[in-house]
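Q: what's the 3D shape of this:
(one chain, ligands or ions: 1)
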Amino acid sequence: MFDNLTERLSDVIKTLRGEARLTESNIQDALREVRMALIEADVALPVIKIFIEQVKQRAIGHEVLDKLSPGQALIGVVHEELVAIMGGDKAELNLNVAPPAVILMAGLQGAGKTTSSGKLAKWLMDQKKKVLLVSCDVYRPAAIDQLALLAEQTGADFFPVQTGRQPAEICTAALDFARKHHHDVVIVDTAGRLGIDEAMMREISQLEQLLKPAETLFVVDAMQGQDAVNTAKAFAEVLPLTGVILTKLDGDARGGAALSVRHITGKPIKFAGVAEKLNGLEPFYPDRMASRILG
Ligand code: GDP
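A: Below you'll find the model as predicted:
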């Protein structure tokens, strides 16, 4: 994760001792440290710029309370702004529609879509939901097999795909099946490509229009760093996303993607992938992430 920001700030913050309030000139060095930490954490540059400006606006004029040092006051502002830029409160899945509620999974190949589909199925089944898993990745039979295996491991139902069928046909048939068998939730895993390409975007956009999902989740690998921004932008342009799953936060990703993706898509991060195994999915807490960043 980020280098311990509190530690990084401790030296520059010493210079703030004895100041009665934070001013543009006395917090400059501290803000430079914050900026450097965010750059090292792979947060996208435009996002850093906005973030620093917000911290500055809030910090300047901030009176330093008796108990707090000016440094702690600044760290407090940075913490609050980190929480704010990551969406504030924990965001819930919104499945309040007539069943079956569809969750459409979008993202690049390797982001963790299929794994997250399985994890999400388990998470929902733990809440007593009846879940159907569907794969529309007709281009990669291995991806369909992977989802079938995850269904077996979680005990979720799996919609079998006949060869030669198109993604739209599969989705229509899966929805019929789900209605007939009273599934609460249908999780649709889609084809991922290594890069953004037009045909892929057209296909997933058509599926979205057909399925009218309750949730369209953009799955993105936290290790992608700066690249996550371009991917997020491309998906947000063609799909009405409702949330994000940020995967591989257990790796040595710096976590900057959390700030960037939230800012670029304007959508909340609803889950974090924290392990490869099926129980490695957790609700995303902006407050906890901010504390982890600050150390
Ligand atoms: P897809 O191509 O988007 O469907 O990606 P996959 O679901 O196949 O995931 C790609 C790789 O990332 C697999 O090896 C997964 O086990 C791994 N993976 C996915 N999510 C996580 C996570 O949260 N943590 C870790 N450590 N690995 C993950």
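Q: In contact with the residue in the chain positioned nearest to the ligand, which residues?
A: Residue nearest to the ligand within the chain: residue 273 (2.4 Å; CB to the nearest ligand atom). C-beta coordinates here come from the backbone N, C-alpha and C atoms, glycine included. Neighbouring residues of residue 273 by CB atoms under 8 Å, 6 or more residues apart in numbering: 112, 115-116, 119, 222, 245-250, 280-281.
Q: so what's it bridging to?
A: Residues in a beta bridge with residue 273, per DSSP bridges, are residue 281.
Q: ok, so what distance separates it from residue 85?
A: Going from residue 273 to residue 85 by CB to CB, to the nearest Å gives 21 Å.
Q: same thing with residue 98?
A: Note on residue 98: its distance to residue 85, by CB to CB, is 35 Å.
Q: where are the low-confidence patches of the stretch 1-150 of the chain?
A: Where the stretch 1-150 of the chain drops to pLDDT under 70, the residues are 1-6, 15-20, 62-69.
Q: All the strands of it, in order from the start?
A: Taking DSSP state E, counting those that start in this stretch as the criterion, the stretch 1-150 of the chain carries its strands at 101-106, 131-135.
Q: Then the stretch 151-295 of the chain?
A: 157-158, 185-189, 215-221, 243-247, 269-273, 281-283.
Q: Could you dump these into CSV with mean pLDDT and distance to residue 134 added?
A: CSV is the format used below for those (pLDDT from 0 to 100; distance: least, CB to CB, whole Å):
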stretch, mean pLDDT, distance to residue 134
strand 157-158, 98, 8
strand 185-189, 98, 5
strand 215-221, 97, 14
strand 243-247, 96, 17
strand 269-273, 96, 19
strand 281-283, 96, 19
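Q: With only the CA atoms kept, save stretch 236-255 in PDB.
A: Provided in PDB are the C-alpha atoms of stretch 236-255 (Å, rounded to 0.1, in the frame of the first residue of the first chain):
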ATOM      1  CA  ALA A 236     -18.100   4.100 -18.000                       C
ATOM      2  CA  GLU A 237     -18.600   5.700 -21.400                       C
ATOM      3  CA  VAL A 238     -20.500   2.700 -22.900                       C
ATOM      4  CA  LEU A 239     -22.200   1.300 -19.800                       C
ATOM      5  CA  PRO A 240     -24.400   2.800 -17.100                       C
ATOM      6  CA  LEU A 241     -22.200   1.400 -14.300                       C
ATOM      7  CA  THR A 242     -23.600   1.100 -10.800                       C
ATOM      8  CA  GLY A 243     -20.500   0.100  -8.900                       C
ATOM      9  CA  VAL A 244     -17.000  -1.200  -8.900                       C
ATOM     10  CA  ILE A 245     -15.200  -4.300  -7.600                       C
ATOM     11  CA  LEU A 246     -11.600  -3.600  -6.900                       C
ATOM     12  CA  THR A 247      -9.700  -6.900  -7.000                       C
ATOM     13  CA  LYS A 248      -6.300  -8.100  -5.800                       C
ATOM     14  CA  LEU A 249      -6.000  -5.700  -2.900                       C
ATOM     15  CA  ASP A 250      -4.200  -8.500  -1.100                       C
ATOM     16  CA  GLY A 251      -1.200  -8.100  -3.500                       C
ATOM     17  CA  ASP A 252       1.300  -5.300  -3.300                       C
ATOM     18  CA  ALA A 253      -0.900  -2.900  -5.200                       C
ATOM     19  CA  ARG A 254      -0.500   0.500  -3.900                       C
ATOM     20  CA  GLY A 255      -4.200   1.100  -3.900                       C
END
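Q: buried sites along that stretch?
A: Going by neighbour count (16 or more other CB atoms under 10 Å), the buried part of stretch 236-255 is 236, 238-239, 241-249, 253-255.
Q: count of neighbours near residue 194?
A: When counting by other CB atoms under 10 Å, one arrives at 9 neighbours for residue 194.
Q: Let me fix that, I meant to ask about residue 126.
A: The burial count assigned to residue 126 is 10, neighbours taken as other CB under 10 Å.
Q: What are the neighbouring residues in contact with it?
A: By CB under 8 Å, 6+ apart, residue 126 has no neighbours at all.
Q: which parts of the chain sit against the ligand?
A: By CB under 6 Å from any ligand atom, the residues of the chain that approach the ligand are 107, 109-115, 192, 247-248, 250-251, 273-276, 280.
Q: Now list the buried members of those.
A: Buried among those by 16+ other CB under 10 Å: 107, 109, 111-115, 192, 247-248, 273-274, 280.
Q: Output the residues you listed in TSV, with distance to residue 182 appended to each entry.
A: Rendered in TSV, the data for those read as follows (distance: CB to CB, whole Å):
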residue	distance to residue 182
107	29
109	33
111	31
112	29
113	26
114	25
115	27
192	30
247	30
248	35
273	29
274	32
280	29
